[in-house]
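Chemist: Fold the following for me, if possible:
(4 chains)
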There are 4 protein chains.
Amino acid sequence: MKEECGIFGIYSMKNEQDLVFPMCIGLSSLQHRGEESCGMAINDGGIITCHKDVGLVSDVFTNSVIRDLPKGKIGIGHVRYSTTGCARKENAQPIVTRYKKGNLCIAHNGNLTNTEELRNELEENGAIFNSTSDTEVIAYIIARERLKAHSIEEAVFNSMKYLKGAYSLLIMSSQKLIAVRDPYGFRPLCVGKLDGDYIFSSESCSLDILGAEFIRDIKPGEVVTIYNNEVSTQNFRTTEKDGLCIFEYVYFSRPDSVIDGYSVHKFREETGKYLFEQAPVEADFVAGVPDSGLDAALGFSKASKIPYGMAFVKSKYIGRTFIQSSQNERKKQVVLKLNPLKQNIEGKKIILIDDSIVRGNTITRLVKILRRAGVKEIHLRIAAPPFIGMCYFGTDVTNEDGLIARHKTVEEIREMIGVDSLEYLSLENLRKIAQNSNMKSFCEGCFTNQYPIEVPREIRKDKFEKIF
Amino acid sequence: MKEECGIFGIYSMKNEQDLVFPMCIGLSSLQHRGEESCGMAINDGGIITCHKDVGLVSDVFTNSVIRDLPKGKIGIGHVRYSTTGCARKENAQPIVTRYKKGNLCIAHNGNLTNTEELRNELEENGAIFNSTSDTEVIAYIIARERLKAHSIEEAVFNSMKYLKGAYSLLIMSSQKLIAVRDPYGFRPLCVGKLDGDYIFSSESCSLDILGAEFIRDIKPGEVVTIYNNEVSTQNFRTTEKDGLCIFEYVYFSRPDSVIDGYSVHKFREETGKYLFEQAPVEADFVAGVPDSGLDAALGFSKASKIPYGMAFVKSKYIGRTFIQSSQNERKKQVVLKLNPLKQNIEGKKIILIDDSIVRGNTITRLVKILRRAGVKEIHLRIAAPPFIGMCYFGTDVTNEDGLIARHKTVEEIREMIGVDSLEYLSLENLRKIAQNSNMKSFCEGCFTNQYPIEVPREIRKDKFEKIF
Amino acid sequence: MKEECGIFGIYSMKNEQDLVFPMCIGLSSLQHRGEESCGMAINDGGIITCHKDVGLVSDVFTNSVIRDLPKGKIGIGHVRYSTTGCARKENAQPIVTRYKKGNLCIAHNGNLTNTEELRNELEENGAIFNSTSDTEVIAYIIARERLKAHSIEEAVFNSMKYLKGAYSLLIMSSQKLIAVRDPYGFRPLCVGKLDGDYIFSSESCSLDILGAEFIRDIKPGEVVTIYNNEVSTQNFRTTEKDGLCIFEYVYFSRPDSVIDGYSVHKFREETGKYLFEQAPVEADFVAGVPDSGLDAALGFSKASKIPYGMAFVKSKYIGRTFIQSSQNERKKQVVLKLNPLKQNIEGKKIILIDDSIVRGNTITRLVKILRRAGVKEIHLRIAAPPFIGMCYFGTDVTNEDGLIARHKTVEEIREMIGVDSLEYLSLENLRKIAQNSNMKSFCEGCFTNQYPIEVPREIRKDKFEKIF
Amino acid sequence: MKEECGIFGIYSMKNEQDLVFPMCIGLSSLQHRGEESCGMAINDGGIITCHKDVGLVSDVFTNSVIRDLPKGKIGIGHVRYSTTGCARKENAQPIVTRYKKGNLCIAHNGNLTNTEELRNELEENGAIFNSTSDTEVIAYIIARERLKAHSIEEAVFNSMKYLKGAYSLLIMSSQKLIAVRDPYGFRPLCVGKLDGDYIFSSESCSLDILGAEFIRDIKPGEVVTIYNNEVSTQNFRTTEKDGLCIFEYVYFSRPDSVIDGYSVHKFREETGKYLFEQAPVEADFVAGVPDSGLDAALGFSKASKIPYGMAFVKSKYIGRTFIQSSQNERKKQVVLKLNPLKQNIEGKKIILIDDSIVRGNTITRLVKILRRAGVKEIHLRIAAPPFIGMCYFGTDVTNEDGLIARHKTVEEIREMIGVDSLEYLSLENLRKIAQNSNMKSFCEGCFTNQYPIEVPREIRKDKFEKIF
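Modeler: Numbering: from 1, shown residues only, chains lettered A, B, ... in the order given. Have a look, this model is predicted:
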């Protein structure tokens, strides 16, 4: 399961700041949110220079690319998981477009639920599209609204009437940086300050790493505009409900981020604590599946006083190429990413913790590996409720057929995976933990199949891909 | 002086043809028309895969790129000189867009003269642009017309009312390949056949190199559509005048191409013959400036019976990087591209022939090199009239200040360059030679400052670049 | 502090085996032993194909390189930290040489202490060297001995008289694979079996990851030869003392390796346990410095019942380029690799564990970061004795001036680092723990300045580098 | 047929000169002598930095490589055709070795005829080899002699006793640059001056291109040493015979080079003149096969008064990748490198001139292409005698079976190729032309099978390759 985007931006008080280095660091700190492509656009006195490509930030922003990029006053950047095939490069962000009133540069985290309607409507009026991404649709809507509005921020504000779904946006015009979070706040977005410059990021960890001071989260429905070194804000609010994706706490965000007032690491530790309360068990040690289950395992260990231990060692150097070539039959015995710590688990009863089970393939494979290494008992604890709902808001869980918890009971899943016991965190406990967040409510669709807003009957992304 | 584009396309009778190899060969054969970027789009059952990048065809289409591209039924490709900076990659072609009726993929050679008006009008209606190229404007117009038309070819035909200027186009939809030449036929475009498949190319040399049979040139104003393996054609003609760029014969096209019925090599040989008639002179030998003056020099030699010889040897391996680093002061003595054949020219009277003088820097430098090598006399003959007009139709001569013949008499130019005599081909003789073409008239704007159609007061390309 | 090499080899029972994939996986699993360059040589019926370059295994062995490498019967590979400048590529291994009796291909982990003497002696007889590495010296000695011996394995055996220092070797001739460990066994080397094929590796984790069965460690002084699918062994033993580098347990090896009969993870857990016994302290939680202190921290937590926690989150995507550019003054606040988990440490008393302190810069920086994040008390525990001796046996600690423990007392170090208490593991406890190894004694030179064999008065590597 | 190497070097009067740019230009100007790999070594105060790789100079010496190379006082470089497979990179030059007396850096053009004997002898004494090239053998011999000599130049001089065959060498030690030409002068080597700095090159065209003044050719057997900004010279002469490879004039060298006092272009023009005298024929025009036959065609045209014309246009952009993929059956009709100028040759009688026929495949193919284009008659003239002998002195003609003139009469060859008449330049005329050179005699082995020195019974290169 993969988050599909992260966004990062800087508005400097100076006109000629080296933005490329902090942009690279900021984007790297969000790389876990999107490993396929990345890009940044720098605004130097109204001239926008954009570089984006398929690859990690450290692959795309080589020494020579960095040297060629200008200094500037405003910069926005993006990391994403892109889809396969031809469209990959074309779908990289930020997108840079030119319209009647000048330039519009957009980086988007999230997913619209009414892309198809908007696209149809725009096409009826003669629009053409260069990509399959909904970000281009957003650009069109803003450009259209701008023709009627007095400023770009007014146009952005007015566009929000039309945009349904999840969108955290960074928008750069020739002179302004605008940060937007949809009225439900599906995706996180926060702002900080470094030497007087404003820094926006999907997650607060970027601020820490850059040595910046965290100021606050952007509110659901908020439009923050920086122009002439001054900040102004407006709120487009159509709902009292919040809708932060609860999976940001469960899995997507880095543990060292604080999302809407709640430490991600603390959240996960709490899940471990509640899992112990729900289903205590005796064991030699508690281990997390690296890296997704580590924080919850710490919480379980602390609550249960059962020692924390390691079941696997992660092989950090195994390249993607090798992993792909290992898929064929005769290489089945190869254990590429997680090697069991045999000497530690042989003959032991262990509690193994992971954040979730989506299709169940990976955990089944890991359990087999542990069995082969001689483990005595495995008690699996999942730090979230059963995963049963598709996501329409910017992740890659767009096919419900594969969701194992839709089709099987917990006992059936336990048997399939081959563990001695299995317990999921209850929805009640999840909600109890989430109360520590500043958000009043959440999108828990993946656990409940109920979403804060209406969702499309089918996911259209595939359809466009096929046509395109 | 540089041509800005070449286009190439294939419509195969088979559905699953290896198009990538012939596309690569075809584009390579047009590479002299554009060395900066290139691309191709392959249509495999309606799925369009596009690959384009900055670089020569042989750099962009590496073994691994070739391997990853699919087979298909239709393919179009493009080579171009792109502008500098950020926009480079974005301006590469073909462009692939999606609109109400499906996909539209366009490769364009030429330049519109009313881009700004069209763009303004489109922007008034909410259009946004991803590039600074006029090709995106063409895509918009066609998409808009398509909403009112019964077929894509009808939309293309109707769009021609709005498009002013030079455009040879290859347009690919999910099922059709459409080839278009503007009503004046500014840029060449021809069609051939190979094993039943249709091949379109800016120049006929591509057909020869692929072993294809030349069928005919696309006529000015013609729209050729191939659909369901059937060809149909329509003619949008608003004028009786032809307007083929005469510089295609003088310099742009390859000598082994036949453009609108006339061999480019023969054309150039003729210019040499007429130059001899205009201004005979005794000399030890006649030499052309490689490679632009070689064909005319052959004609001069044949007509005058003065032996043909070599004045320079071309250094084919000198990389662009080295040429750039040689620009600074202390490397002035370095002779990178054309090394004088000292033993051949020392103490000799030579007739030196080139196709044109634009700013005069290069020829002045070459003359100095020959002087240093001990030449006795240099009689310079230019195989075209003095170059005095800007080009609005798809080349890079967009600044009239640098055109030396606007400011100086022939005698002043002779003196500046430092040759013993100088003669340009007369406009009358150029026209006499051109009568062998199937075209009835030509765009001779660069020699007359008179153009077949109205031209903008100022070139707008720069303006967009600056904003963007 | 860095290990300088890892070696890996395969001898297959089949003649035409795909060795490249398992070689890549094997070398990747040893990548922590050397990140700068890598290489492999494949023996296909006596024809040796070698590919090596600067970079990680996953960078050097791209899809296209892998495709071009042949199948074979024998393969050996190498990872290393190389020195800077011109010599880098030249010093990559395996080295492939040709001598009177055929080919000799060598991969070497370790460092000779008499390189200079051997080199001088060889040079007196006319030898020339293509690299600055001692591996080429080894090749010369073996080639020289081969002239007098009946077989390559006899030559290798006889060469051991001349070679002083640390050397684990894999040697491949046209038909044989020979594995050698120096008489003290400074560097680890083990053998396993996969589908009948023999696998040699510096560490046992490679065997686990490939799904191979661990057979045994190569003994100090042992020469194992595989020829015609048969294994034979000889022992060159000049000493009863063992000399395994104890730092292999402390830091170099992967925790999931078992070196000479003792699990590296278990060893490190034990250091944590003894550290608790030596210097117990109350705290909110115990944390390891990622990744070097994690295993010891687990042991401390288990022994002390103080919960295990996280103080830092590792940023795995930060590229080397960015780290280099962050060195300058104004970027000092940037926290690139380890971001403190502020919410977890604010106001807390923590026990922080690392494996060693060499120069003290890194730990001082980390302590400052924790202080800034609001930690209340830091009790630093080091899972090894003070580091006071240079290494002559294949690591990069070749300058004693920087070793902080040579110049300062523990109290002075504590003060410099800025922690509330500091305790090193005692040498006695280290030795007690090490008794679980099959090795009877160790090279503890880095902790005692006493070495199992005579060491040179000065390290010569630098000298050669400077000349070269 | 391919030359295998070119060498280039600079000794600057300043200690900190930018040598990389002129080295790159110099090597590029010799690129026709070797397109497979290249390299250069820069000596900066005794520290030698070497960069070499597979590829053209412009591919290997990218901007970032150039930036990383130091300034220096002495530099030597090399271009070569390397053999296939593993050994490629390893065989790139210059080679840099370290021996008793310091560093030895060598670039070699030519081929020893006693490599095997020398190698055996060295191996008997324990030598090991890192490459299959004879250059490493030369390094060994010099290193061995240096142990007995007072200076490196004395050692080089003494080594010449042992080295049989063709060798033009540039040798760089910490403080000296030594240029050597074997006693027969098989391969060219000359010296020039630029701003006081000494420039050595295989061909004089490099000097012209750099704006340097030609001083003189290095004499056969000469050893030129530059040390402390002073030049000294010695002559090792064992023969009165000269042995310059006559094929340097016929094909290898650039037409703008002057080799041993004779302009290559003039030489080739003369062959055309004599061909006309030998076998006059009436025709519409004379054309050379680009680029190898162009100079001779000019001479033929001048002598015969038959106009010079073009039969082919060269496609300069066709990449190597495409040429390789065009080898398969169904792409046979593709004409990649030389496109016939149909309009010029249709119905014409032409005289076609090339420098030589080795296997006859290429010319046969070209003739077929011309026939298909409608030529009426083709009279083929070859600017050298029939090619019947292998080359042992540094080219790739190492297999006599393929030499068509060994097996067929001229009439049989004419018939096979399919031309209307065929004439080779007679040996007498070749020798007459060659009298204008400063060389008194030549290696004409390829035309006579008689060589200036004893040649091996079989070429050993292959043998080493196979073992290696």
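Chemist: any idea how far the most far-flung residue of chain A relative to its centre is from A:Leu370?
Modeler: The C-alpha centroid of chain A is most remote from A:Gly347, which lies 38.3 Å away (C-alpha atoms, centre = their mean). Separation of A:Gly347 from A:Leu370 (C-beta to C-beta, to the nearest Å) stands at 12 Å. No exception for glycine: its C-beta is placed from N, CA and C like everyone else's.
Chemist: same check, this time on A:Ser131
Modeler: 44 Å.
Chemist: ok, now A:Gln234?
Modeler: From A:Gln234 across to A:Leu370, the span is 54 Å (C-beta to C-beta).
Chemist: One more: A:Lys348?
Modeler: Using C-beta to C-beta, one obtains 10 Å as the distance from A:Lys348 to A:Leu370.
Chemist: what do you get for A:Gly75?
Modeler: 46 Å.
Chemist: I'd guess A:Gly192 is in a strand, am I close?
Modeler: Yes - under DSSP: H, G, I helix; E, B strand; the rest coil, A:Gly192 falls within a strand.
Chemist: got the contact list for it?
Modeler: A:Gly192 makes contacts with A:Tyr198, A:Ile199, A:Ser201, A:Ser204, A:Leu207, A:Ala212, A:Glu213, A:Phe214, A:Ile215, as judged by C-beta atoms under 8 Å, 6 or more residues apart in numbering or on different chains.
Chemist: still on that earlier bit, which one of A:Lys348 and A:Leu370 has more residues nearby?
Modeler: Comparing A:Lys348 with A:Leu370 by other C-beta atoms under 10 Å in any protein chain shown, the one with more neighbours is A:Leu370, at 24 against 19.
Chemist: Settle this for me: that one is touching A:Val289, isn't it.
Modeler: No - the pair formed by A:Leu370 and A:Val289 falls short of the contact definition of C-beta atoms under 8 Å, at 10.5 Å.
Chemist: any idea whether A:Ile209 is helix, strand or coil?
Modeler: Taking three-state DSSP, the label given to A:Ile209 is helix.
Chemist: what's the neighbour count on it?
Modeler: A:Ile209 is flanked by 26 other residues according to other C-beta under 10 Å.
Chemist: Per-residue pLDDT of it, please?
Modeler: pLDDT, A:Ile209: 93.
Chemist: Tell me the spacing between whichever residue of the stretch 351-468 of chain A sits closest to chain C and A:Ile363.
Modeler: Using C-beta to the nearest C-beta, the closest approach of the stretch 351-468 of chain A to chain C is made by A:Ala373 at 8.5 Å. From A:Ala373 across to A:Ile363, the span is 15 Å (C-beta to C-beta).
Chemist: higher neighbour count, these two?
Modeler: The residue with more neighbours, out of A:Ala373 and A:Ile363, is A:Ile363; 25 against 20, by other C-beta under 10 Å.
Chemist: And the helices in the stretch 351-468 of chain A?
Modeler: A:361-372, A:404-407, A:410-417, A:427-434, A:445-448, A:461-467 (DSSP state H, counting those that start in this stretch).
Chemist: Mind giving me the packing neighbours of the fifth one?
Modeler: Using 3 or more C-beta pairs under 8 Å, 6 or more residues apart in numbering or on different chains; DSSP states H and E as the contact definition, the elements that helix A:445-448 packs against are helix A:427-434.
Chemist: pLDDT averaged over the helix it packs on - what is it?
Modeler: Here the average pLDDT along helix A:427-434 is 97.
Chemist: what's the domain layout of chain A?
Modeler: Taking automatic domain parsing as the domain assignment, the ranges for chain A are A:5-241, A:258-448.
Chemist: ok, A:Gly261 - how many residues close by?
Modeler: A:Gly261, neighbours per other C-beta under 10 Å, totals 11.
Chemist: what's the answer for A:Arg237, then?
Modeler: The number of residues near A:Arg237, taken as other C-beta under 10 Å, comes to 12.
Chemist: Also A:Leu336?
Modeler: By other C-beta under 10 Å, 17 other residues sit near A:Leu336.
Chemist: if you skip the residues just before and after it, what's nearest to it?
Modeler: Leaving aside its sequence neighbours, A:Leu336 sits nearest to A:Ile318 (C-beta to C-beta, 6 or more residues apart in numbering or on different chains; 4.9 Å).
Chemist: related to what we said a few turns ago, helix/strand/coil for the residue farthest from the centre of chain A?
Modeler: Quick answer, by three-state DSSP: A:Gly347 is coil.
Chemist: nearest spatial neighbour of it, skipping sequence neighbours?
Modeler: Among residues not flanking A:Gly347 along the chain, A:Lys376 sits closest, at 5.4 Å (C-beta to C-beta, 6+ apart).
Chemist: quick one, what contacts A:Lys342?
Modeler: Neighbours of A:Lys342 in contact, by C-beta under 8 Å, 6+ apart: A:Ala373, A:Gly374, C:Asp208, C:Asp256.
Chemist: one more time with 10 Å
Modeler: A:311, A:369-370, A:372-375, C:204-205, C:208, C:214, C:256, C:258, C:263, C:265 (C-beta atoms under 10 Å, 6 or more residues apart in numbering or on different chains).
Chemist: Closest to B:Ile47 out of the residues you listed?
Modeler: Of all the contacts of A:Lys342, B:Ile47 sits closest to A:Ile369, with 39.1 Å by C-beta to C-beta.
Chemist: ok now do the closest one, which residues does it touch?
Modeler: By C-beta under 10 Å, 6+ apart, A:Ile369 lies in contact with A:Ala311, A:Phe312, A:Gln333, A:Val335, A:Leu338, A:Asn339, A:Pro340, A:Lys342, A:Ile345, A:Val375, C:Asp208, C:Gly211.
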